[in-house]
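> okay, structure incoming, though there's no sequence with it:
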């Protein structure tokens, strides 16, 4: 222990398994809440979901603050903590945009939801099996880029071939401006 009672208290909380379990449960519940939007929903539901999302944002902010007090500068040494911090800051940026602007702008809403959905990636930090799968995916990205480049090249070749073969076909009864090559 450090001798600083406040810091020791925060270390005890941040290192406790129940704290991690609580945060994982909040992440899962927040993800479910984000999935509750649907067409023709009751007019009260968006307001309720927004309040619930604000509560979760507060919980995740409190988690970041506790860890900052517990680990100090060491908090930013872990990449996952930096990721958590970026999500918390991005979420608050989205909340500020939502509360200060009266017009709902498409990209603004998408940005806010992207930061909120990004919380689910925090589960990767907690679950070993998910971490193994994620790391394997990251390792295979260069190979996937090569395969993707090959597919784009193949698509390009067949596009040029199709244009050169069908460019001169005249419109007829069955081939018109809406049904053609």
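Yep, that arrived. Since this is a predicted model, take the numbers as computed values, not measurements. Numbering: from 1, shown residues only.
> state which helix of this structure is the longest.
Determined from DSSP state H, the single longest helix within the chain is helix 128-166.
> other SSEs contacting it?
With contacts defined as 3 or more Cβ pairs under 8 Å, 6 or more residues apart in numbering; DSSP states H and E, the packing partners of helix 128-166 are helix 122-126. From N, CA and C alone the C-beta is placed, and that goes for glycine too.
> so what does the helix it packs on touch, helix or strand wise?
Using 3+ Cβ pairs under 8 Å, 6+ apart: helix 122-126 touches helix 17-34, helix 79-100, helix 128-166.
> 7 Å instead, please
The elements that helix 122-126 packs onto, with contact taken as 3 or more Cβ pairs under 7 Å, 6 or more residues apart in numbering; DSSP states H and E, are helix 17-34, helix 128-166.
> what residues of that helix count as buried?
Across helix 122-126, burial judged by 16 or more other Cβ atoms under 10 Å covers 122-125.
> tell me the one among the residues you listed nearest to residue 55.
Proximity of the buried residues of helix 122-126 to residue 55 (Cβ to Cβ) peaks at residue 122, which lies at 17.0 Å.
> tilt between the longest helix of the chain and helix 79-100?
70 degrees (axes from the mean of the first three to the mean of the last three Cα atoms, to 10 degrees).
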